[in-house]
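Visitor: With the sequence up front, the predicted model follows.
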There are 2 protein chains.
Amino acid sequence: MQKKGSATIYDVANRVGVSLATVSRVVNGNSNVRDSTKRKVLDAIEELGYHPNAVARGLASKKTTTIGVVMPDMTDMYYSELARGIDDVANMYHYDVLLTNTDEDPVRETMAINNLASKQVDGIIFMGNELDREVLNKITSADAPVVLAGSVDAEGRLPSVNINYVDAVDEAVTMMIKNGHERVALVTGPMSHAINKLHRLEGYKSALEKANIPYDESLLFVAHQDYDAGLKIAEKILDSSANAVVAYDDEVALGIMNYMIDQGKNIPEDFEIITANNTKFAIVTRPQLTSIRQPKYDIGAVSMRMLTKLMNNEMIDETQVQLPHTIERRGTTIN
Amino acid sequence: MQKKGSATIYDVANRVGVSLATVSRVVNGNSNVRDSTKRKVLDAIEELGYHPNAVARGLASKKTTTIGVVMPDMTDMYYSELARGIDDVANMYHYDVLLTNTDEDPVRETMAINNLASKQVDGIIFMGNELDREVLNKITSADAPVVLAGSVDAEGRLPSVNINYVDAVDEAVTMMIKNGHERVALVTGPMSHAINKLHRLEGYKSALEKANIPYDESLLFVAHQDYDAGLKIAEKILDSSANAVVAYDDEVALGIMNYMIDQGKNIPEDFEIITANNTKFAIVTRPQLTSIRQPKYDIGAVSMRMLTKLMNNEMIDETQVQLPHTIERRGTTIN
DNA sequence: AATAGCGTTGTAAGCGTTTGCAATTAGTTA
DNA sequence: TAACTAATTGCAAACGCTTACAACGCTATT
């Protein structure tokens, strides 16, 4: 019954008159220990207020029951919802989450991975669009398994969970075309990111092609993912004479919408918008935004579930998971 | 030059022909090491790709350079912005962040605290409105220092960082009164939370008192912090014949606003709204929401800074910090 | 040239667990 | 009841690092 530093396994063993090993066994719910002794140990634990020291445990067992989550920005609703899915499943499997924001800076991403490795995390979930070559090397050489959530690996080597971005954009653009638009603008992030260049843009082109509409580069816009960027790009979109847009981020879409409204446009009659993340932003505005619906929470949850399997060396049927998406029709499109 | 489990400090020592202690010293930037040996050690570290094992370090030094952050919900923009401030400052001081969502469930809050304690975190930042008695005991008995961020401790014992909620609400209500409203509704969270009962409500009453307006309980509304709750409560607010409202949460405020608009009200001419968190939600809508402006990021950052001092046993001038707030006038109020 | 003193390095005892292996005890079977 | 198997326990060596404390070699002093 000491004051500081709380009791250790040693104290418990002493109290009961058994060995460390026995206490360790009951603490870990381990098999072979007689009921009567188990009870005695449990009592002593209770009385002493013993709590196992996870650090010591980690050293001895080489497992920390901690995973690392590397994400661009937790205040971005898209990512925070992914992370929430991750966290819930992690807790379910008794893992703790070490969180790092990187703002998609490759330097910080690399530092984060290194740091997590030195903290001996059992696994890592990585989010972010850009996957720098150096980061990727770090990741693959880390002893801990890694899964990409809502991110693509250009070379398709790492386990990942996302939606089919090509199809999603294709469907959105096709819907706009069906609604009678020949000039549909596409707003994405920088082309240096595989997800934009290889997925979103491809989906866009594919939709045009199917409709026999020639690809017009002047309808392609690049914007950062925030409201002001949307406001800014909107002007150019208007100049391009596009009267429909598919945007990759809700805040950007909102910026565009509000700009259009300020210019006297009626939404959706004069100008149609489809956004892509379906966050709360899409719902709280008037009109509400038609959006590609990604199962964000589920992407996180499934990634985490996959990671638990990886950490247990369980067999995994498919490491490149694509979850279903739909288009949620709301007020910024006619149909 | 081994394959697995990467090099240990022992390998480095062997390579150079010095003792563990010496390697440890250079790794920790410790004082007394001759330059020449330091260089040799550094080279060996480089060649072997040695990275210190933080778990072992934690066991030996009893410091994990990890802090715990306990929060209601990371997808709630208010909290995620606080957390971002925490995370940035934590990184600045080389701490990692172990994140836990509790949904304000006292059971989960208690579990989180226990768990963090067993993981030997060096400190904890706690967010959330309700501070259950049991949780509080856990917290105060934990060996790690704790600071409350954006939360109040009814008994004012724990270090905390927030704004003056009483004044903030007082000012908002006073502003509404000056705008000519006699019947100003207040929407808060459950009265079981000190922040609502002891702070927001008091601010509300104080404003009424100064204006010689009797307190009318039928103008007090309780709602969960989400958009639908706002939509729902709005109907009752309309029935109460209030024509101005001060709400404690942006999503709720948005729900109220949209409902009013649907009922044909003109905002702000027919109905005025002031919200309290000034998240992005307040900006992306039309009209934009007038809001109490809390320095959310700073609350997080300052909490974390305070925690670093506490962890270093540095003297702290004031453990109950109140950061300044203002009212950001936008489109849902006349002035 | 002997001594004190300082900067540098090594020794070894932890830190609190886990875990393979050996030892002990209990339970069966003949 | 002896012999044998299975169930319980204890032993002690890791795990990778930090940190008193001791020891060493030098230079500076007298």
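Guide: Received, thanks. Numbering: from 1, shown residues only, chains lettered A, B, ... in the order given.
Visitor: and residue A:37, how many neighbours does it have?
Guide: Residue A:37 has 16 neighbouring residues, counting by other CB atoms under 10 Å in any protein chain shown. C-beta: built from backbone N, CA, C; applies to glycine.
Visitor: just residue A:128 next, same as before
Guide: 24.
Visitor: contacting residues around it?
Guide: Listed by CB atoms under 8 Å, 6 or more residues apart in numbering or on different chains, the contact set of residue A:128 reads A:70-72, A:102, A:104, A:109, A:151.
Visitor: ok, 7 Å please
Guide: Residues in contact with residue A:128 (CB atoms under 7 Å, 6 or more residues apart in numbering or on different chains) are A:71-72, A:102, A:104, A:109, A:151.
Visitor: Residue A:333 too?
Guide: A:179, A:268, A:272, A:274, A:290.
Visitor: contacting residues for the third one?
Guide: For residue A:272, the residues meeting the contact criterion (CB under 7 Å, 6+ apart) are A:176, A:179, A:181, A:244, A:332-334.
Visitor: These into CSV, with extra columns for pLDDT?
Guide: Shown next, in CSV, are the contacts of residue A:272 (pLDDT from 0 to 100):
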residue, pLDDT
A:176, 96
A:179, 95
A:181, 94
A:244, 96
A:332, 97
A:333, 96
A:334, 93
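Visitor: Kindly give a single PyMOL line that selects the buried subset of the residues you listed.
Guide: Buried members of the contacts of residue A:272, defined by 16 or more other CB atoms under 10 Å in any protein chain shown, are picked up in PyMOL with:
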select buried, chain A and resi 176+179+181+244+332+333
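Visitor: Report the two members of the contacts of residue A:272 separated by the largest distance.
Guide: The distance between the two most remote of the contacts of residue A:272 (CB to CB) is 12.9 Å, for A:181 and A:332.
Visitor: all helices for the stretch 1-150 of chain A, in order.
Guide: A:9-16, A:20-27, A:35-48, A:54-61, A:77-92, A:106-118, A:133-141 (DSSP state H, counting those that start in this stretch).
Visitor: Indicate whether the third one makes contact with DNA strand C.
Guide: What it means is helix A:35-48. No - Helix A:35-48 does not reach DNA strand C (CB under 7 Å from any atom of the strand); its nearest approach is 10.0 Å.
Visitor: Next, the angle from that helix to helix A:9-16.
Guide: Interaxial angle of helix A:35-48 relative to helix A:9-16 (axes from the mean of the first three to the mean of the last three CA atoms, to 10 degrees): 120 degrees.
Visitor: helices or strands next to helix A:35-48 in the packing?
Guide: In terms of contacts (3 or more CB pairs under 7 Å, 6 or more residues apart in numbering or on different chains; DSSP states H and E), helix A:35-48 is packed against helix A:9-16, helix A:20-27.
Visitor: Tell me the gap between it and the middle of its chain.
Guide: 42 Å (CA atoms, centre = their mean, to the nearest Å).
Visitor: What about residue A:174, how many residues nearby?
Guide: 18.
Visitor: what separates residue A:206 from residue A:190, distance-wise?
Guide: 21 Å (CB to CB, to the nearest Å).
Visitor: higher neighbour count, these two?
Guide: Per other CB under 10 Å, whichever of residue A:206 and residue A:190 has more neighbours is residue A:206, with 17 against 14.
Visitor: wait, what's in contact with that one?
Guide: A:166, A:170.
Visitor: who's the residue lying closest to residue A:139 once chain neighbours are set aside bridged to?
Guide: Leaving aside its chain neighbours, residue A:139 sits nearest to residue A:146 (5.0 Å; criterion: CB to CB, 6 or more residues apart in numbering or on different chains). Per DSSP bridges, the residues bridged to residue A:146 are residue A:124.
Visitor: Serialize the contacts of residue A:272 to JSON lines and add fields for secondary structure and distance to residue A:78.
Guide: Shown next, in JSON lines, are those (DSSP: H, G, I helix; E, B strand; the rest coil; distance: CB to CB, whole Å):
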{"residue": "A:176", "secondary structure": "helix", "distance to residue A:78": "22"}
{"residue": "A:179", "secondary structure": "coil", "distance to residue A:78": "26"}
{"residue": "A:181", "secondary structure": "coil", "distance to residue A:78": "26"}
{"residue": "A:244", "secondary structure": "strand", "distance to residue A:78": "22"}
{"residue": "A:332", "secondary structure": "coil", "distance to residue A:78": "18"}
{"residue": "A:333", "secondary structure": "coil", "distance to residue A:78": "21"}
{"residue": "A:334", "secondary structure": "coil", "distance to residue A:78": "26"}
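Visitor: From the contacts of residue A:272, pick the one nearest DNA strand C.
Guide: residue A:332 (55.1 Å; CB to the nearest atom of the strand).
Visitor: Excluding sequence neighbours, find me the nearest residue to that closest one.
Guide: Distances taken as CB to CB, 6+ apart place residue A:273 nearest to residue A:332, at 4.1 Å, with adjacent residues excluded.
Visitor: How many neighbouring residues does the one you found have?
Guide: 26.
Visitor: isn't it right up against residue A:288?
Guide: No - look at residue A:273 against residue A:288 with CB atoms under 7 Å: they stay out of range, at 10.6 Å.
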